[in-house]
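Asks: Show me how the following folds:
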Amino acid sequence: MKLWGRNYTQAELHRYFGHMMPAAGIRRFTFDEGRAKGLSAVEVKTGAGLRFVVLLDKALDIGDCDWRGIPIALRTQVGEVAPQYYDPTGDEWFRSFGGGLLTTCGLTHLGAPDVDQGTSLGLHGRIHNTPGEEVGVKSAWEGGKYVLRIWGKVREAKTLTGSLCLHREITAFGGENRIIVQDTVVNESFVKMPHMILYHCNVGHPLLDEGAELVADSLEVRPRDAVAAQEFSTYQIYKGPTRGYPDTVFYHKLRPSCDGMTSAVLLNRRLDLGLAVRWDPRNLPNFIQWKYTAEGTYGAGLEPANCLVEGRSRERERGTLVYLAPGETRSYRVELQVGSAAELMGEMIE
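Replies: Model prediction:
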């Protein structure tokens, strides 16, 4: 385990610390004020500079994240919001979107507010505002590595309609700056169910700044609409805070690397710092790039998905809507890593 410029064995660390928490560990806590009051969470620190917070009552998504004290994740003026304040209508989802490093969208609908076969569907679906069940946390030495693990189930269910259950496991390692999210979605129903999922990985300042860039091996890039088309020639470059900057989205198809994974990096060369998102494209074939470099809410999204973000009815019309048969499962793996340009670009080449 590499800490503070030196490699330690388990026995060596035990000689210095009676408990691992000063070096790396997991701490559970509950928010105690405002609209976050009662929200259960865990703080994870790896000892290599990475600290992040898993929101147990919000789909085990990831809120705050920093590296050596530098904020990584987008944080909005909304802040953390407990799930009881969620409003599923229209775009009211934004009233409980505090940003965070990872926001899961889905599971049966995501994207723009929509009406599909007579059913009204709000922005980005319900799963992000659903509390976890059977949640567990563990930190322990395993095969010479100090493993930090959180797991649980998140269920999207409606009586007389059906149920999809997300089984999530989040893993980090002492001495590393990497987070692994391993998900399996199970159709617990006796009918086929529509299934849409998107991993909304959000970056804020100072990693996101004027001149920051998206680095990705894109086979195809296209703007979502006329607004994005106006910025198509500079889609990979981000502006500083810009008054009136519109919601801007590009759709990518990325080339897999030799290990079958694919990746995108938001890179700040001035800081020599970036966030890499790697995922298995077999079940997440789409990459959505979200640019919203407006004043006050200054953010960017790197978003692997099994669909686009125009709503369920559009997926149905295109013939691209994914269904899960009764009892069928679908697995997803997404990795997030913070590091220097050399570290992250080396991972992409490998």
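
Asks: From here on, just use CA atoms for contacts and neighbour counts.
Replies: OK.

Asks: dump the residue contacts of the residue most central in space within the chain.
Replies: The centre of the chain sits closest to L102, judged by Cα atoms, centre = their mean, with a distance of 2.5 Å. Listed by Cα atoms under 8 Å, 6 or more residues apart in numbering, the contact set of L102 reads D61, I62, G63, Y199, H200, C201, N202.

Asks: what about 6 Å?
Replies: D61, I62, H200, C201 (Cα atoms under 6 Å, 6 or more residues apart in numbering).

Asks: Show me the strands in the stretch 1-150 of the chain, by range?
Replies: 2-3, 6-7, 25-30, 40-45, 50-55, 61-67, 70-71, 102-107, 114-116, 119-121, 133-142, 145-158 (DSSP state E, counting those that start in this stretch).

Asks: I'd like the ones you listed as a markdown table, with distance to D280 and mean pLDDT appended.
Replies: Formatted as a markdown table, these follow (distance: least, Cα to Cα, whole Å; pLDDT from 0 to 100):
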| stretch | distance to D280 | mean pLDDT |
| --- | --- | --- |
| strand 2-3 | 28 | 92 |
| strand 6-7 | 31 | 93 |
| strand 25-30 | 27 | 98 |
| strand 40-45 | 24 | 98 |
| strand 50-55 | 22 | 98 |
| strand 61-67 | 19 | 98 |
| strand 70-71 | 27 | 97 |
| strand 102-107 | 16 | 98 |
| strand 114-116 | 28 | 98 |
| strand 119-121 | 28 | 97 |
| strand 133-142 | 25 | 97 |
| strand 145-158 | 20 | 98 |
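
Asks: Distance to E343 for these - can I get that in a markdown table?
Replies: Shown next, in a markdown table, are those (distance: least, Cα to Cα, whole Å):
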| stretch | distance to E343 |
| --- | --- |
| strand 2-3 | 15 |
| strand 6-7 | 18 |
| strand 25-30 | 24 |
| strand 40-45 | 20 |
| strand 50-55 | 15 |
| strand 61-67 | 15 |
| strand 70-71 | 18 |
| strand 102-107 | 21 |
| strand 114-116 | 41 |
| strand 119-121 | 41 |
| strand 133-142 | 25 |
| strand 145-158 | 20 |
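
Asks: closest one to V334 among the ones you listed?
Replies: With Cα to Cα as the criterion, V334 lies closest to strand 102-107 of these, at 10.3 Å.

Asks: Could you give the number of residues near R282?
Replies: Neighbour count for R282, taken as other Cα atoms under 10 Å: 14.

Asks: what about the residue nearest to E134 when sequence neighbours are not counted, distance to T184?
Replies: Spatially, and ignoring its direct neighbours in sequence, E134 is nearest to G152 (5.3 Å; Cα to Cα, 6 or more residues apart in numbering). According to Cα to Cα, to the nearest Å, G152 stands 11 Å off from T184.

Asks: E220 and S233, how far apart?
Replies: E220 is 13 Å from S233, by Cα to Cα.

Asks: List the contacts of the residue lying farthest from the centre of the chain.
Replies: The centre of the chain is farthest from one residue, R15, which by Cα atoms, centre = their mean lies 37.0 Å away. R15 makes contact with no residue, according to Cα under 6 Å, 6+ apart.

Asks: Who is the residue lying closest to K45 once chain neighbours are set aside paired with across the strands?
Replies: Excluding the flanking residues, the one nearest K45 by Cα to Cα, 6+ apart is R51, at 4.3 Å. In this structure, R51 bridges to K45, D66 when assessed by DSSP bridges.

Asks: and what of the one 4 residues further on?
Replies: Applying DSSP bridges to L55 yields these beta-bridge partners: A41, D61.

Asks: That one and L39 touch, don't they?
Replies: No: using Cα atoms under 6 Å, L55 is not in contact with L39; the gap is 7.5 Å.

Asks: neighbour-wise, which of these two wins?
Replies: Using other Cα under 10 Å as the criterion, L55 and L39 rank with L55 on top: 25 against 21.
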